[in-house]
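**Q** Kindly return the folded structure for what I paste below:
(4 chains)
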There are 2 protein chains.
Amino acid sequence: MFVRITTDCKNRNTTLDDFGMTSGSDAIISLNEIFYKKGIEIYGEKEPSEYVYQVKIGAVRSYKLLSDGRRQIGAFHLAGDIFGLANGSAHRFTAEAIVDTTLRLIKREALDRVAETDPVVTRTLLGMTTLNLKHAEDHMLLLGRKDSVERVATFLVEMDERIRTSQVMALPMTRRDIADYLGLTLETVSRALSRLRRGGLLDFVGNTQRQITILDRKRLREVDCQRH
Amino acid sequence: MFVRITTDCKNRNTTLDDFGMTSGSDAIISLNEIFYKKGIEIYGEKEPSEYVYQVKIGAVRSYKLLSDGRRQIGAFHLAGDIFGLANGSAHRFTAEAIVDTTLRLIKREALDRVAETDPVVTRTLLGMTTLNLKHAEDHMLLLGRKDSVERVATFLVEMDERIRTSQVMALPMTRRDIADYLGLTLETVSRALSRLRRGGLLDFVGNTQRQITILDRKRLREVDCQRH
DNA sequence: CGGGGGCTTGAGGCCACTCAACGATAGTGG
DNA sequence: CCACTATCGTTGAGTGGCCTCAAGCCCCCG
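**A** The predicted structure is shown next:
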């Protein structure tokens, strides 16, 4: 459980706008940055939710565990994403840094205080929660009804929209992480990727298998056979 | 597509409290009741969300479809439940009456108007959306990582808490509905129920298979091996 | 250069799906 | 009242997709 405060943490006072929130009032809230090494837990399921987080650099996984260790990742949080917004006293997921990660954080208590007097903030919270809900609803369809190739195709389309830079997307997570996100095993994910590659829909770049170029977006979206 | 306005619809004006919402202001909003015959669609996915609904009598299923007809039910709505709260312009599910159902409904537009001036209503909306999100998150774990018997056990525990009356719960939905909720086939649901019955955890009551008594709640919760 | 983590691929097994048969019940119409 | 039909549920037999187990490669790093 190694946590280090970054040296570039100036503990400056900023407005909520810096945190991606619009606010009618000019509330000043103190923002800190914390650095988490790859693999380190940010918070645990059932822990009191003291902070809300935004990814500055890096990537985070949010997951639940069954008593025998089976893991379901509910979401990946990438640069710019806000997470840990429990809207209740306790976190519903465990969050871990996938790679070395720098987070901004805001005290939940302070956020609540602002939200009480500023309806715009409450509405922003509602909007973010609705986005999370929409993602979870789509993911239920994937987990309940899609086969392995469809799941991986859906995953690639989602990641393509979120982290593509110049034709190549560099995935921060391992095959195991992808598998636990998609309700599969890492071997099945690997086989599905190989099938898509053999089908000419994508290709690996470089000598690591984490960088992927999508060669045929149209066909990939067709494999992910979601309605519209 | 048969919709009939119930004769006992008085079109009376009521406060939001009647709809299960607390409000600081004494907003008056017109409430209607509509009757839906078993199997009738209430709204479709992607349709503009004109109303929010509360189940007065009956039961409703909310689902998504893949292009080839595979169905994933995201939630069942039972007496008292509020649903159709899209927090956006379009519905994200199709909703259908499972049995003959009477709904109360409220114009979304009116709700938005009240929420604009009344922060308490916005906060209530946030609370309801958060509850929906929590349910979806738990359901992702079920769909991604639980086996068939665990899924059915989880389902029974959930329903037991929601519709138990005097030791017996009367399920309104078919085995197919349960299967599409749990990401299984109807045969697998049937087999899992038989296994739980043979194991002495539950029993069927009457000559229909829709009425179930849970004989051993403790062991049923153990089968649903979720962490705490 | 040895060791470990990450990834791929193959072989075999198992759980859930598919297909099918059958019984029970409810609704319909002659 | 009794076919007749449709819907719903259970159970069995066989299949298949994903999981399990294992081997081997590559890369990074001490």
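
**Q** So which residues of chain A form helices?
**A** With DSSP state H, the ranges of helices along chain A come out as A:108-117, A:119-145, A:148-163, A:175-182, A:186-198, A:217-223.

**Q** which parts of chain A sit against DNA strand D?
**A** A:Asp147, A:Ser148, A:Val149, A:Gly183, A:Leu184, A:Thr185, A:Glu187, A:Thr188, A:Asn207, A:Thr208 (CB under 7 Å from any atom of the strand). To be clear about C-beta, it is placed using only N, CA and C from the backbone, and glycine gets the same treatment.

**Q** which residues touch the nearest residue to the fourth one once chain neighbours are set aside?
**A** Spatial nearest neighbour of A:Gly183, excluding adjacent residues (CB to CB, 6 or more residues apart in numbering or on different chains): B:Gly144 at 3.3 Å. For B:Gly144, the contact set (CB atoms under 8 Å, 6 or more residues apart in numbering or on different chains) comprises A:Gln72, A:Leu143, A:Asp180, A:Leu182, A:Gly183.

**Q** mind checking pLDDT for the fourth one?
**A** Spelled out, it's A:Leu182. pLDDT recorded at A:Leu182 is 98.

**Q** what about it, distance to B:Pro119?
**A** Applying CB to CB, to the nearest Å, the value for A:Leu182 to B:Pro119 is 39 Å.

**Q** A:Thr130 now?
**A** Using CB to CB, we find A:Thr130 at a distance of 17 Å from B:Pro119.

**Q** circling back: with distance to B:Leu66 added, can I get the helices of chain A in a markdown table?
**A** Shown next, in a markdown table, are these (distance: least, CB to CB, whole Å):
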| stretch | distance to B:Leu66 |
| --- | --- |
| helix A:108-117 | 38 |
| helix A:119-145 | 6 |
| helix A:148-163 | 8 |
| helix A:175-182 | 16 |
| helix A:186-198 | 17 |
| helix A:217-223 | 12 |
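
**Q** and of those, who's closest to B:Gly39?
**A** Distance to B:Gly39, taken as CB to CB, is lowest for helix A:119-145 among the helices of chain A, at 21.2 Å.

**Q** So for the closest one, what gets flagged as buried?
**A** Residues of helix A:119-145 classed as buried by neighbour count (16 or more other CB atoms under 10 Å in any protein chain shown): A:119-126, A:128-130, A:132-145.

**Q** and what of stretch A:76-91?
**A** Applying a neighbour-count criterion of 16+ other CB under 10 Å, one finds A:Phe76, A:His77, A:Leu78, A:Ile82, A:Phe83, A:Gly84, A:Leu85, A:Ala86, A:Asn87, A:His91 buried in stretch A:76-91.

**Q** any residues touching that stretch, and which ones?
**A** A:19-20, A:42-49, A:51-62, A:75, A:92, A:95, A:98, A:108, A:125, A:128-129, A:132, A:162-163, A:172-173, A:177, A:181, B:126-127, B:130.

**Q** Filter the residues you listed down to the buried ones.
**A** A:19, A:42-43, A:45, A:49, A:51-56, A:58-62, A:75, A:92, A:95, A:98, A:108, A:125, A:128-129, A:132, A:163, A:172-173, A:177, A:181, B:126, B:130.

**Q** Show me which of the contacts of B:Gly144 are buried.
**A** By 16+ other CB under 10 Å, the contacts of B:Gly144 give A:Gln72, A:Leu143, A:Asp180, A:Leu182, A:Gly183 as buried.

**Q** is it true that the third one touches A:Ala75?
**A** If I follow you right, that is A:Asp180. No: under the criterion of CB atoms under 8 Å, A:Asp180 makes no contact with A:Ala75, lying 11.6 Å away.

**Q** Quick one: name the residues of chain A near DNA strand C.
**A** A:174-176, A:186-187, A:189-191, A:193-194, A:204, A:209-210.

**Q** just for chain A, where's the confidence low?
**A** Within chain A, the stretches with pLDDT under 70 are A:1-30, A:226-228.

**Q** Please name the bridge partners of the most centrally placed residue in it.
**A** Geometric centre of chain A, nearest residue: A:His77, 1.9 Å, by CA atoms, centre = their mean. In this structure, A:His77 bridges to A:Val60 when assessed by DSSP bridges.

**Q** Likewise for the one 5 residues further on?
**A** Beta bridges link A:Ile82 to A:Gln54 when assigned by DSSP bridges.

**Q** Next, the contact list for A:Ser148, please.
**A** A:Leu182, A:Leu184, A:Thr188, A:Val189, A:Arg191, A:Ala192.

**Q** likewise A:Thr122?
**A** Contacts of A:Thr122 by CB under 8 Å, 6+ apart are A:Ala115, B:Pro119, B:Thr122, B:Arg123, B:Leu126.

**Q** Could you check how far the second one is from B:Ala97?
**A** Remark: distance between B:Pro119 and B:Ala97 (CB to CB) = 34 Å.

**Q** Distance check, the closest residue to A:Asp177 other than its chain neighbours against A:Gly74.
**A** Distance criterion CB to CB, 6+ apart; nearest residue to A:Asp177, sequence neighbours excluded, is A:Arg61 at 5.9 Å. Distance from A:Arg61 to A:Gly74, counting by CB to CB: 9 Å.

**Q** quick one: which of the contacts of A:Ser148 is nearest to chain B?
**A** A:Leu182 (7.6 Å; CB to the nearest CB).

**Q** Quick check: the closest one touching A:Phe155?
**A** Yes: using CB under 8 Å, A:Leu182 makes contact with A:Phe155 at a distance of 5.9 Å.

**Q** Break chain A into its domains for me.
**A** According to automatic domain parsing, chain A comprises the domains A:3-143, A:147-223.

**Q** How far does the last one sit from its chain's centre?
**A** When you say that, I think you mean domain A:147-223. Distance, stretch centre to chain centre, for domain A:147-223: 16 Å (CA atoms, centre = their mean, to the nearest Å).

**Q** Could you do stretch A:68-77 as well?
**A** Distance, stretch centre to chain centre, for stretch A:68-77: 11 Å (CA atoms, centre = their mean).

**Q** Next: stretch A:137-147.
**A** That offset, for stretch A:137-147, works out to 17 Å (CA atoms, centre = their mean).

**Q** Restrict that stretch to CA atoms and write it as CSV.
**A** The C-alpha trace of stretch A:137-147 is given here as CSV (Å, rounded to 0.1, in the frame of the first residue of the first chain):
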residue,chain,number,x,y,z
GLU,A,137,-26.9,-0.8,-18.9
ASP,A,138,-25.0,-1.3,-22.2
HIS,A,139,-22.5,-3.5,-20.4
MET,A,140,-25.3,-5.7,-19.0
LEU,A,141,-26.4,-6.4,-22.5
LEU,A,142,-22.8,-7.3,-23.4
LEU,A,143,-22.3,-9.6,-20.4
GLY,A,144,-25.6,-11.3,-20.7
ARG,A,145,-26.1,-11.8,-24.4
LYS,A,146,-23.0,-11.3,-26.5
ASP,A,147,-20.5,-14.0,-27.5
